[in-house]
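Student: Build me a model:
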Amino acid sequence: MAGASHYTLERAEFDKQVKLLIVVAPYYKDIADHLVAGAQAEVEAAGGTHETIEVPGALEVPSAIAMAERLSNFDGYVALGCVIRGETTHYDTVCNDSSRAITLMGLQGLCIGNGIVTVETHAQALVRADTAQQNKGGGAAAAALHLVALSRKWGGQRSGVGFKPSRDEYQIAGETKGPATA
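Tutor: Numbers count the residues shown, from 1 in each chain. The predicted structure is shown next:
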């Protein structure tokens, strides 16, 4: 839809600085450079900091995010890359599996903006990546920042909610056992 306008949320604001990891697959380096520039500019405009790392391809982006979540201290993540349809079904595998992995991590509570562009042609990718046009890198960073803002809003201490297993003793078939390890 050429010329269509899209609604954009106002930039997220923070009391405490946000730190994002930008993970990019630079297979198409010119596209990746535009995506990264847009993402970095958006994070900086929100007063945040960022670190950028490269991985071999779009399928490795979710793995890198999962490792960073386990081993580092980022508030959120920006997934960037470009997949252009080729002559085989590999395109479908890369698009579906990278997106599915990112979505699953998001459902587990990670704050991820997905800016892996999936297109038919290089020209389509350039339009989507260019910061003066669709700026999908900036959009992915904005999405991650909004999710971080929500997690901070709702992430306060909770008490008395949910099931909490006993740490003392537990019973199996009427027999009392030692400390629970749940």
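Student: For the residue nearest in space to the middle of the chain, which non-adjacent residue is closest in space?
Tutor: The centre of the chain sits closest to residue 112, judged by C-alpha atoms, centre = their mean, with a distance of 2.0 Å. Using C-beta to C-beta, 6 or more residues apart in numbering and skipping the chain neighbours, the partner closest in space to residue 112 is residue 77 (4.6 Å). C-betas here are computed from N, CA, C, even on glycine.
Student: same question, residue 26
Tutor: residue 32 (3.8 Å).
Student: same thing with residue 69?
Tutor: Once flanking residues are discounted, residue 69 sits nearest to residue 110: 5.9 Å by C-beta to C-beta, 6+ apart.
Student: What residues does the residue nearest to the centre of the chain make contact with?
Tutor: 65, 76, 77, 78, 79, 102, 105, 106, 143, 144, 147 (C-beta atoms under 8 Å, 6 or more residues apart in numbering).
Student: Residue 73 - how many residues pack around it?
Tutor: As a burial measure, residue 73 scores 8 neighbours (other C-beta atoms under 10 Å).
Student: Is it correct that it is in contact with residue 19?
Tutor: Yes. Counting by C-beta atoms under 8 Å, residue 19 is a contact partner of residue 73 at 7.2 Å.
Student: tell me, what's touching these two both at once?
Tutor: Joint contacts of residue 73 and residue 19 (C-beta under 8 Å, 6+ apart) do not exist.
Student: Residue 88 and residue 27: what is the separation?
Tutor: With distances taken as C-beta to C-beta, to the nearest Å, residue 88 is found 15 Å from residue 27.
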